[in-house]
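> Pasting a predicted model and its sequence here:
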Amino acid sequence: MRLPLLLGIPAAAAGGLYLVGRRVRVNEDLEWETVDKPGKLATVDGYRVHYEEAGAGPAFVMIHGFGGSTYQYRGLMEAFASTHHCIAVDLKGFGYSERRPNTGMSQSDQAVMLAGLLEEKGVTRATFIGHSMGGGVVQRFAAMYPDRTKAIILAASVVGDERAGRRRIGGTSKLIRPVLPFVAGLAGDRLFKASFHDPSLARPELRDIYMRPARLRGSMDGLMAMMQDGASDEAIDYSRITMPTLVLSAANDRVVPLEAAQKLGERIPQARVVIVERAGHLLFEERPDACINAIRSFLNEEVASAMRTEAAVR
(Lines give C-alpha, C1' and ligand atoms only; values in the text may rest on other atoms or scores of the structure.)
Protein backbone atom coordinates (compact mmCIF):
# COMPACT_ATOMS: atom_id res chain seq x y z
CA MET A 1 0.00 0.00 0.00
CA ARG A 2 1.39 3.38 -0.98
CA LEU A 3 1.67 6.27 1.46
CA PRO A 4 -0.70 8.64 -0.39
CA LEU A 5 -3.45 6.04 -0.11
CA LEU A 6 -2.91 5.68 3.61
CA LEU A 7 -2.77 9.41 4.22
CA GLY A 8 -5.87 9.89 2.12
CA ILE A 9 -8.07 7.55 4.14
CA PRO A 10 -11.47 9.26 4.53
CA ALA A 11 -12.31 10.64 7.92
CA ALA A 12 -15.38 8.40 8.00
CA ALA A 13 -13.09 5.39 8.31
CA ALA A 14 -10.87 6.97 10.93
CA GLY A 15 -12.53 5.30 13.89
CA GLY A 16 -11.83 1.87 12.50
CA LEU A 17 -8.11 2.55 12.52
CA TYR A 18 -8.13 2.23 16.30
CA LEU A 19 -8.46 -1.50 15.68
CA VAL A 20 -4.94 -1.53 14.24
CA GLY A 21 -2.61 -3.25 16.72
CA ARG A 22 -0.27 -1.26 18.91
CA ARG A 23 2.59 -2.95 17.05
CA VAL A 24 2.26 -0.38 14.25
CA ARG A 25 1.38 2.63 16.37
CA VAL A 26 3.89 5.50 16.49
CA ASN A 27 4.52 6.32 20.14
CA GLU A 28 5.96 9.82 20.60
CA ASP A 29 8.04 8.95 23.63
CA LEU A 30 11.20 10.98 22.89
CA GLU A 31 11.85 14.67 23.55
CA TRP A 32 13.60 16.63 20.80
CA GLU A 33 15.49 18.84 23.25
CA THR A 34 17.14 15.91 25.04
CA VAL A 35 17.40 13.14 22.43
CA ASP A 36 20.88 12.24 21.18
CA LYS A 37 21.42 13.68 17.70
CA PRO A 38 24.04 12.24 15.33
CA GLY A 39 24.94 15.54 13.67
CA LYS A 40 24.89 19.29 14.17
CA LEU A 41 22.23 21.99 14.50
CA ALA A 42 21.94 25.25 12.59
CA THR A 43 19.36 27.96 13.19
CA VAL A 44 17.58 29.14 10.03
CA ASP A 45 14.98 31.88 10.47
CA GLY A 46 14.53 30.78 14.07
CA TYR A 47 14.12 27.09 13.16
CA ARG A 48 16.74 24.57 14.29
CA VAL A 49 17.80 22.27 11.46
CA HIS A 50 19.72 19.03 11.98
CA TYR A 51 22.40 18.09 9.46
CA GLU A 52 25.54 15.98 9.08
CA GLU A 53 28.57 16.89 7.04
CA ALA A 54 31.86 15.38 5.95
CA GLY A 55 34.68 16.07 3.52
CA ALA A 56 35.82 19.10 1.57
CA GLY A 57 35.42 20.30 -2.00
CA PRO A 58 32.36 21.11 -4.13
CA ALA A 59 29.15 21.05 -2.08
CA PHE A 60 27.01 17.91 -2.39
CA VAL A 61 23.69 18.32 -0.53
CA MET A 62 21.66 15.22 0.33
CA ILE A 63 17.90 15.27 1.02
CA HIS A 64 16.07 12.24 2.44
CA GLY A 65 12.64 10.92 1.55
CA PHE A 66 9.41 10.62 3.54
CA GLY A 67 10.12 9.07 6.93
CA GLY A 68 13.85 9.21 6.25
CA SER A 69 16.71 11.13 7.79
CA THR A 70 20.39 11.84 7.30
CA TYR A 71 20.98 8.19 8.25
CA GLN A 72 20.01 6.95 4.81
CA TYR A 73 22.96 8.84 3.26
CA ARG A 74 25.66 7.37 5.50
CA GLY A 75 27.06 5.21 2.66
CA LEU A 76 27.06 7.99 0.10
CA MET A 77 28.71 10.41 2.51
CA GLU A 78 31.50 7.94 3.14
CA ALA A 79 31.93 7.34 -0.59
CA PHE A 80 32.01 11.01 -1.66
CA ALA A 81 33.62 12.77 1.32
CA SER A 82 37.03 12.33 -0.29
CA THR A 83 36.02 14.57 -3.22
CA HIS A 84 33.07 16.66 -1.98
CA HIS A 85 31.78 18.65 0.96
CA CYS A 86 28.84 16.37 1.76
CA ILE A 87 25.92 17.89 3.68
CA ALA A 88 23.00 15.60 4.56
CA VAL A 89 20.00 17.57 5.83
CA ASP A 90 16.93 16.58 7.84
CA LEU A 91 13.89 18.37 6.44
CA LYS A 92 11.53 20.28 8.71
CA GLY A 93 9.63 17.88 10.93
CA PHE A 94 11.78 14.88 9.96
CA GLY A 95 14.86 13.17 11.27
CA TYR A 96 16.34 15.13 14.15
CA SER A 97 15.33 18.60 13.02
CA GLU A 98 13.15 20.60 15.38
CA ARG A 99 9.49 19.71 15.83
CA ARG A 100 7.69 23.01 15.32
CA PRO A 101 4.96 22.58 12.69
CA ASN A 102 3.79 26.20 12.65
CA THR A 103 6.87 27.30 10.67
CA GLY A 104 5.58 26.22 7.24
CA MET A 105 5.83 22.61 6.09
CA SER A 106 5.11 22.73 2.36
CA GLN A 107 7.78 21.65 -0.11
CA SER A 108 8.31 25.30 -1.02
CA ASP A 109 8.88 26.02 2.69
CA GLN A 110 11.41 23.18 2.79
CA ALA A 111 13.24 24.65 -0.22
CA VAL A 112 13.40 28.08 1.46
CA MET A 113 14.79 26.43 4.60
CA LEU A 114 17.49 24.69 2.53
CA ALA A 115 18.44 27.96 0.89
CA GLY A 116 18.79 29.56 4.33
CA LEU A 117 20.87 26.67 5.67
CA LEU A 118 23.26 26.81 2.73
CA GLU A 119 23.60 30.57 3.13
CA GLU A 120 24.39 29.98 6.80
CA LYS A 121 27.06 27.46 5.71
CA GLY A 122 28.51 29.81 3.10
CA VAL A 123 27.53 27.50 0.22
CA THR A 124 26.63 29.53 -2.85
CA ARG A 125 26.16 26.66 -5.32
CA ALA A 126 25.77 22.91 -4.90
CA THR A 127 24.87 19.59 -6.43
CA PHE A 128 21.73 18.14 -4.82
CA ILE A 129 20.50 14.59 -4.45
CA GLY A 130 16.97 13.84 -3.27
CA HIS A 131 15.38 10.47 -2.56
CA SER A 132 11.64 9.88 -3.03
CA MET A 133 9.78 12.84 -1.48
CA GLY A 134 13.16 14.54 -1.09
CA GLY A 135 13.48 14.43 -4.86
CA GLY A 136 10.35 16.55 -5.04
CA VAL A 137 11.95 19.09 -2.71
CA VAL A 138 15.09 19.11 -4.85
CA GLN A 139 13.06 19.70 -8.02
CA ARG A 140 11.32 22.61 -6.36
CA PHE A 141 14.61 24.04 -5.05
CA ALA A 142 16.19 23.79 -8.51
CA ALA A 143 13.26 25.67 -10.07
CA MET A 144 13.21 28.32 -7.33
CA TYR A 145 17.01 28.78 -7.12
CA PRO A 146 18.51 27.68 -10.46
CA ASP A 147 21.58 29.89 -10.00
CA ARG A 148 22.40 28.04 -6.77
CA THR A 149 21.94 24.59 -8.30
CA LYS A 150 24.87 23.05 -10.14
CA ALA A 151 23.29 19.67 -10.88
CA ILE A 152 20.59 17.42 -9.40
CA ILE A 153 20.21 13.70 -8.81
CA LEU A 154 16.70 12.34 -8.31
CA ALA A 155 16.73 8.87 -6.75
CA ALA A 156 13.50 6.84 -6.75
CA SER A 157 11.94 10.28 -6.87
CA VAL A 158 8.36 11.42 -7.00
CA VAL A 159 7.30 13.91 -9.65
CA GLY A 160 7.54 17.01 -7.51
CA ASP A 161 4.33 18.83 -8.41
CA GLU A 162 1.83 15.99 -8.74
CA ARG A 163 0.28 16.92 -5.39
CA ALA A 164 0.50 20.67 -5.97
CA GLY A 165 -2.72 22.55 -5.40
CA ARG A 166 -4.51 19.68 -3.64
CA ARG A 167 -7.38 20.76 -1.42
CA ARG A 168 -6.50 21.40 2.20
CA ILE A 169 -7.65 18.91 4.83
CA GLY A 170 -9.54 21.70 6.56
CA GLY A 171 -12.33 20.64 8.92
CA THR A 172 -11.50 16.94 8.74
CA SER A 173 -8.19 17.55 10.55
CA LYS A 174 -9.84 17.19 13.98
CA LEU A 175 -11.02 13.73 12.99
CA ILE A 176 -7.77 12.62 11.38
CA ARG A 177 -5.26 13.85 13.99
CA PRO A 178 -6.24 11.42 16.81
CA VAL A 179 -5.67 8.36 14.61
CA LEU A 180 -2.59 9.67 12.79
CA PRO A 181 -0.18 7.68 15.01
CA PHE A 182 -1.91 4.50 13.82
CA VAL A 183 -1.97 5.61 10.18
CA ALA A 184 1.68 6.66 10.26
CA GLY A 185 2.72 3.49 12.05
CA LEU A 186 0.89 1.28 9.58
CA ALA A 187 2.25 3.29 6.64
CA GLY A 188 5.80 3.14 7.97
CA ASP A 189 5.62 -0.59 8.63
CA ARG A 190 4.17 -1.48 5.23
CA LEU A 191 6.26 0.96 3.25
CA PHE A 192 9.48 -0.24 4.84
CA LYS A 193 8.72 -3.85 3.97
CA ALA A 194 7.66 -2.89 0.45
CA SER A 195 10.81 -0.83 -0.12
CA PHE A 196 13.10 -3.80 -0.79
CA HIS A 197 13.36 -6.08 -3.80
CA ASP A 198 15.00 -8.65 -1.48
CA PRO A 199 12.66 -8.97 1.54
CA SER A 200 15.42 -10.43 3.70
CA LEU A 201 16.98 -6.95 3.82
CA ALA A 202 13.95 -5.47 5.60
CA ARG A 203 15.46 -6.27 8.98
CA PRO A 204 13.57 -5.16 12.11
CA GLU A 205 16.65 -3.46 13.58
CA LEU A 206 17.07 -1.36 10.41
CA ARG A 207 13.38 -0.46 10.46
CA ASP A 208 13.71 0.68 14.08
CA ILE A 209 16.55 3.04 13.13
CA TYR A 210 14.50 4.50 10.28
CA MET A 211 11.40 4.89 12.48
CA ARG A 212 13.14 6.27 15.59
CA PRO A 213 12.81 9.98 14.63
CA ALA A 214 9.03 9.50 14.32
CA ARG A 215 9.02 8.87 18.06
CA LEU A 216 10.00 12.49 18.73
CA ARG A 217 7.16 14.39 20.34
CA GLY A 218 5.47 16.61 17.78
CA SER A 219 6.16 14.37 14.79
CA MET A 220 2.49 13.67 14.11
CA ASP A 221 1.64 17.37 14.34
CA GLY A 222 4.38 17.99 11.77
CA LEU A 223 2.95 15.33 9.48
CA MET A 224 -0.48 16.92 9.81
CA ALA A 225 0.97 20.36 8.99
CA MET A 226 2.80 18.94 5.98
CA MET A 227 -0.45 17.55 4.57
CA GLN A 228 -2.21 20.86 5.14
CA ASP A 229 0.54 23.22 3.98
CA GLY A 230 1.36 21.15 0.92
CA ALA A 231 -1.86 22.32 -0.69
CA SER A 232 -0.32 25.76 -1.10
CA ASP A 233 2.48 24.54 -3.36
CA GLU A 234 2.15 25.71 -6.93
CA ALA A 235 3.15 23.66 -9.97
CA ILE A 236 6.90 23.47 -10.60
CA ASP A 237 8.20 25.39 -13.61
CA TYR A 238 10.32 22.65 -15.14
CA SER A 239 11.59 25.01 -17.84
CA ARG A 240 13.81 26.51 -15.11
CA ILE A 241 15.47 23.16 -14.35
CA THR A 242 18.11 23.34 -17.06
CA MET A 243 21.07 22.00 -15.09
CA PRO A 244 22.47 18.45 -15.62
CA THR A 245 20.10 15.93 -14.06
CA LEU A 246 20.44 12.24 -13.23
CA VAL A 247 17.21 10.34 -12.65
CA LEU A 248 18.17 7.20 -10.74
CA SER A 249 15.29 4.74 -10.64
CA ALA A 250 14.92 1.30 -9.05
CA ALA A 251 13.76 -1.44 -11.42
CA ASN A 252 11.67 -3.14 -8.72
CA ASP A 253 10.30 -0.08 -6.94
CA ARG A 254 6.84 -0.82 -5.49
CA VAL A 255 6.50 2.60 -3.84
CA VAL A 256 7.31 5.05 -6.65
CA PRO A 257 6.73 3.37 -10.03
CA LEU A 258 9.07 3.60 -13.01
CA GLU A 259 6.56 5.85 -14.75
CA ALA A 260 7.70 8.65 -12.42
CA ALA A 261 11.24 8.39 -13.81
CA GLN A 262 9.87 8.47 -17.34
CA LYS A 263 7.84 11.62 -16.57
CA LEU A 264 10.87 13.33 -15.04
CA GLY A 265 12.94 12.39 -18.07
CA GLU A 266 10.37 14.07 -20.28
CA ARG A 267 9.90 17.21 -18.15
CA ILE A 268 13.54 18.02 -17.41
CA PRO A 269 15.51 18.97 -20.54
CA GLN A 270 18.93 17.77 -19.35
CA ALA A 271 17.73 14.60 -17.62
CA ARG A 272 19.40 11.25 -18.05
CA VAL A 273 17.51 8.21 -16.71
CA VAL A 274 19.46 5.28 -15.24
CA ILE A 275 17.70 2.14 -13.98
CA VAL A 276 19.25 0.24 -11.07
CA GLU A 277 18.42 -3.44 -11.48
CA ARG A 278 17.45 -5.75 -8.60
CA ALA A 279 16.61 -2.81 -6.36
CA GLY A 280 13.54 -1.60 -4.52
CA HIS A 281 12.64 1.87 -3.31
CA LEU A 282 15.44 2.03 -0.72
CA LEU A 283 18.02 1.56 -3.44
CA PHE A 284 20.87 3.06 -1.39
CA GLU A 285 20.34 0.29 1.17
CA GLU A 286 19.90 -2.50 -1.38
CA ARG A 287 22.37 -1.64 -4.18
CA PRO A 288 24.77 0.92 -2.71
CA ASP A 289 27.68 0.12 -5.03
CA ALA A 290 25.55 0.39 -8.18
CA CYS A 291 24.14 3.73 -7.00
CA ILE A 292 27.55 5.12 -6.06
CA ASN A 293 29.04 4.09 -9.40
CA ALA A 294 26.18 5.72 -11.34
CA ILE A 295 26.42 8.92 -9.29
CA ARG A 296 30.21 9.08 -9.54
CA SER A 297 30.04 8.61 -13.31
CA PHE A 298 27.45 11.40 -13.57
CA LEU A 299 29.45 13.78 -11.37
CA ASN A 300 32.69 13.10 -13.26
CA GLU A 301 30.99 13.70 -16.59
CA GLU A 302 29.31 16.85 -15.25
CA VAL A 303 32.70 18.20 -14.11
CA ALA A 304 34.33 17.32 -17.43
CA SER A 305 31.51 19.06 -19.30
CA ALA A 306 31.90 22.18 -17.16
CA MET A 307 35.64 22.23 -17.88
CA ARG A 308 35.00 21.93 -21.63
CA THR A 309 32.50 24.79 -21.46
CA GLU A 310 34.98 26.96 -19.54
CA ALA A 311 37.70 26.23 -22.07
CA ALA A 312 35.37 27.12 -24.94
CA VAL A 313 34.50 30.45 -23.32
CA ARG A 314 38.18 31.30 -23.02
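Nice, thanks for sending it over.
> On the strand side of things, show who H131 bridges to.
Assessed by DSSP bridges, H131 has beta-bridge partners A155.
> Count the residues that sit near it.
By the measure other Cβ atoms under 10 Å, the count of residues near H131 is 28. The C-beta positions use only the backbone N, C-alpha and C, and glycine is treated the same way.
> and what of H281?
Neighbours around H281, by other Cβ under 10 Å: 25.
> Can you give me the distance of V44 to S305?
Counting by Cβ to Cβ, to the nearest Å, the gap from V44 to S305 is 32 Å.
> Tell me which of the two has more neighbours.
V44 (19 against 12).
> now the more buried one, nearest residue through space, not along the chain?
Among residues not flanking V44 along the chain, G116 sits closest, at 3.9 Å (Cβ to Cβ, 6 or more residues apart in numbering).
> would the one you found count as being in a strand?
No. If the criterion is DSSP: H, G, I helix; E, B strand; the rest coil, then G116 is helix and not within a strand.
> R48 is in contact with that one, correct?
No. The criterion here is Cβ atoms under 8 Å, and G116 misses it with R48 at 11.9 Å.
> Going by residue numbers, what spans are strands in the stretch 151-300 of the chain?
Counting by DSSP state E, counting those that start in this stretch, the stretch 151-300 of the chain has strands at residues 245-250, 271-276.
> Could I get those strands in CSV, plus columns for mean pLDDT and mean neighbour count?
What follows is the strands of the stretch 151-300 of the chain, written out as CSV (pLDDT from 0 to 100; neighbours: other Cβ atoms under 10 Å):
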stretch, mean pLDDT, mean neighbour count
strand 245-250, 98, 25
strand 271-276, 97, 18
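> any idea how far the residue nearest to V44 is from G46?
10 Å.
> go on, D221?
D221 is 18 Å from G46, by Cβ to Cβ.
> on that earlier part again, next, count neighbours for the residue nearest to V44.
When counting by other Cβ under 10 Å, one arrives at 16 neighbours for G116.
> Could you do L201 as well?
L201 is flanked by 13 other residues according to other Cβ under 10 Å.
> per-residue confidence at it?
In this model, L201 is scored at 97, pLDDT.
> hang on, isn't it packed against F284?
No. Between L201 and F284 there is no contact, the gap being 11.6 Å when judged by Cβ under 8 Å.
> ok, which stretches of the chain are helices?
For the chain, helices defined by DSSP state H occupy the ranges 3-7, 74-80, 107-121, 133-144, 173-176, 180-194, 204-211, 219-229, 258-267, 283-286, 288-313.
> Deepest-packed of the ones you listed, please.
For those, the largest average neighbour count (mean count of other Cβ atoms under 10 Å) is found in helix 133-144, namely a mean of 27.
> just checking, what packs against it?
With contacts taken as 3 or more Cβ pairs under 8 Å, 6 or more residues apart in numbering; DSSP states H and E, helix 133-144 sits against strand 59-63, helix 107-121, strand 126-131, strand 149-155.
> and if we set it to 10 Å?
With contacts taken as 3 or more Cβ pairs under 10 Å, 6 or more residues apart in numbering; DSSP states H and E, helix 133-144 sits against strand 59-63, helix 107-121, strand 126-131, strand 149-155, strand 245-250, helix 258-267.
> Output the contacting helices and strands for the fourth one.
Where contact means 3+ Cβ pairs under 10 Å, 6+ apart, strand 149-155 is packed against strand 59-63, strand 126-131, helix 133-144, strand 245-250, helix 258-267, strand 271-276, helix 288-313.
> Take those and write them to a markdown table, including distance to A194.
Shown next, in a markdown table, are those (distance: least, Cβ to Cβ, whole Å):
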| stretch | distance to A194 |
| --- | --- |
| strand 59-63 | 21 |
| strand 126-131 | 15 |
| helix 133-144 | 15 |
| strand 245-250 | 12 |
| helix 258-267 | 15 |
| strand 271-276 | 17 |
| helix 288-313 | 19 |
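> Minimum distance to K193: which of the ones you listed has it?
Of all the helices and strands packed on strand 149-155, strand 245-250 sits nearest to K193, with 15.1 Å by Cβ to Cβ.
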